[in-house]
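In: Kindly return the folded structure for what I paste below:
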Amino acid sequence: MNRLPPGSERPIVLITDHAWPDVEMERSIIEAAGFALVAGPAQPGSAADIEALTARHQPAAILTNWAPVSARAIAASPRLRVVGRLGVGLDNIAVEEATRRGVWVTNVPDYCSEEVSDHAVGMLLALARGIVHFDREVRSGRWQPATAQLQRVCTLVCGVLGFGRIGRLTARKLAGFGARVLVHARTADPSMPGVEFVGFDELLQAVDALIVHVPLTRATRHLLDRESLGRLRAGALLINVSRGAVVDTAALIEALESGRLHGAALDVLEHEPEVPAALLAHPNVILTPHVAFSSAASLAELRRKSGEEVVRVLRGELPRQPCNRPLGY
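Out: Below you'll find the model as predicted:
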């Protein structure tokens, strides 16, 4: 762990964890602005670990990737002015406590939209065309093309659950394959050609493949539970590139093992990095380790924008991507 040199009075930016080899980009941005960077371990610590780091270093800003920034962590540093998420979702940050204490919460909502939508469409293609399944078969010494039960993508009814930046891109890309695209979202966008907006129940009952693009909130936790998964067409496909807890894992496994769902592709899991044995064993499940956001370009953009946003707030300016309105502003 990097520690601030003794006697330094520069405001501290604490980076709790990071999913890349080093923090030199962040350091160059923070230190060029006259602030000091303290970096915790690369792997995300527990809530208690982050609370201890915050109490020890008294940061004016926190940058967090996956590590939980709890209400206690936010309260531990009276100097704290901003918590910046190195990502999009805010489920690992106590936003209400930050708001109450006059602390900004920011994110980078647009850095990986192309990557996540590409990943979602790629997962759908891999399931529909059996790419991962047959790769495993061939590597195991089985050459059995007659066992193929593959699908023509342009004939699929594809559902997009959530229609923010990423959902819009996914819908546009699916339409490019000639698929019929149904969308459920809080607000419809009539300007999007080739997309039909429907209710939640209608979406579930009509689609051959459902792609999940909603954030994790109180309202969306286990949105896809036993009841809602049971309303999907028999043999449907499920792709989740949003947050693992949007899907009830036990209900998903039950739907797969019963044959209600033909397959699932998951970049996110409810209890990462724990992977249920039933998902590992299922032949029609594709798993990636929460990497849909990642590319060289997206990570560079994420790191730069996150650092610049923290600097902006510490200089007394308003953030460009605020996720709350702190008390006092």
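In: Run through the helices of the protein in chain order.
Out: 24-32, 47-57, 71-75, 95-100, 113-128, 131-139, 165-176, 200-206, 226-230, 249-258, 277-281, 296-314 (DSSP state H).
In: So which of these is nearest Gln321?
Out: helix 296-314 (6.4 Å; C-beta to C-beta). The C-beta positions use only the backbone N, C-alpha and C, and glycine is treated the same way.
In: Contact partners for the nearest residue to Leu156 once chain neighbours are set aside?
Out: Excluding the flanking residues, the one nearest Leu156 by C-beta to C-beta, 6 or more residues apart in numbering is Asp208, at 4.5 Å. Contacts for Asp208 (C-beta atoms under 8 Å, 6 or more residues apart in numbering) come out as 151, 156-158, 233, 235-237.
In: Check the gap between Leu86 and Leu269 for me.
Out: Counting by C-beta to C-beta, to the nearest Å, the gap from Leu86 to Leu269 is 20 Å.
In: between the two, who's got more neighbours?
Out: Leu86 (25 against 20; other C-beta atoms under 10 Å).
In: Between all of the contacts of Asp208, which two are at the greatest distance?
Out: Top of the distance list for the contacts of Asp208 (C-beta to C-beta): Cys158 and Gly235, 14.3 Å.
In: These two: which has the busier surroundings?
Out: Cys158 (26 against 13).
In: surely the more buried one meets Leu127?
Out: No. Shown here, Cys158 and Leu127 do not form a contact pair, counting by C-beta atoms under 8 Å, at 11.6 Å.
In: Mutual contacts of these two, please.
Out: Ala209.
In: what's the closest non-adjacent residue to Trp143?
Out: Trp143 sits nearest to Glu137 (C-beta to C-beta, 6+ apart), 7.7 Å away.
In: Look up how far Thr99 lies from the one you found.
Out: Distance from Glu137 to Thr99, by C-beta to C-beta: 52 Å.
In: cool, Leu216 as well?
Out: 18 Å.
In: Confidence-wise, which helix or strand of the protein is lowest on average?
Out: strand 195-197 (a mean of 93; mean pLDDT, DSSP states H and E).
In: mind listing what that one pairs with, with the direction of each?
Out: strand 180-184 (parallel) (DSSP bridges).
In: Now do the partner strand: distance to the chain's middle.
Out: How far strand 180-184 lies from its chain's middle: 21 Å, per C-alpha atoms, centre = their mean, to the nearest Å.
In: Between helix 165-176 and it, find me the angle.
Out: Per axes from the mean of the first three to the mean of the last three C-alpha atoms, to 10 degrees, the angle that strand 180-184 makes with helix 165-176 is 160 degrees.
In: Please state the mean pLDDT value computed over strand 180-184.
Out: Across strand 180-184, pLDDT averages out at 97.
In: just stretch 318-329 next, same as before
Out: Stretch 318-329 shows a mean pLDDT of 95.
In: can you list the domain ranges for this protein.
Out: What automatic domain parsing lists as the domains of the chain is 12-111+296-314, 113-287.
In: Could you look over those and pick the most buried one?
Out: Across those, the average number of neighbours (mean count of other C-beta atoms under 10 Å) peaks for domain 12-111+296-314, which reaches a mean of 20.
In: first vs last residue of that one, how far apart are they?
Out: Domain 12-111+296-314 has an end-to-end distance of 10 Å (criterion: C-alpha to C-alpha, to the nearest Å).
In: Ok, stretch 10-30 next?
Out: Start-to-end, stretch 10-30 (C-alpha to C-alpha) is 11 Å.
In: where does Leu269 sit relative to Asn240, distance-wise?
Out: 9 Å.
In: Name the residues contacting each of those two.
Out: Between them, Leu269 and Asn240 share no contacting residue under C-beta under 8 Å, 6+ apart.
In: what stretches of this structure score poorly on pLDDT?
Out: 1-8, 190 (pLDDT under 70).
In: hmm, try it at 50
Out: Applying pLDDT under 50 to the chain flags residues 1-7.
In: Let me see the contact set for the spatially most central residue of it.
Out: In the chain, the residue lying closest to the centroid (C-alpha atoms, centre = their mean) is Ser242, at 4.7 Å. Contact analysis of Ser242 by C-beta under 8 Å, 6+ apart lists 162, 212-216, 268.
In: quick one, phi/psi of it?
Out: Reported as degrees, to the nearest 10, the phi and psi values for Ser242 are phi -100, psi -90.
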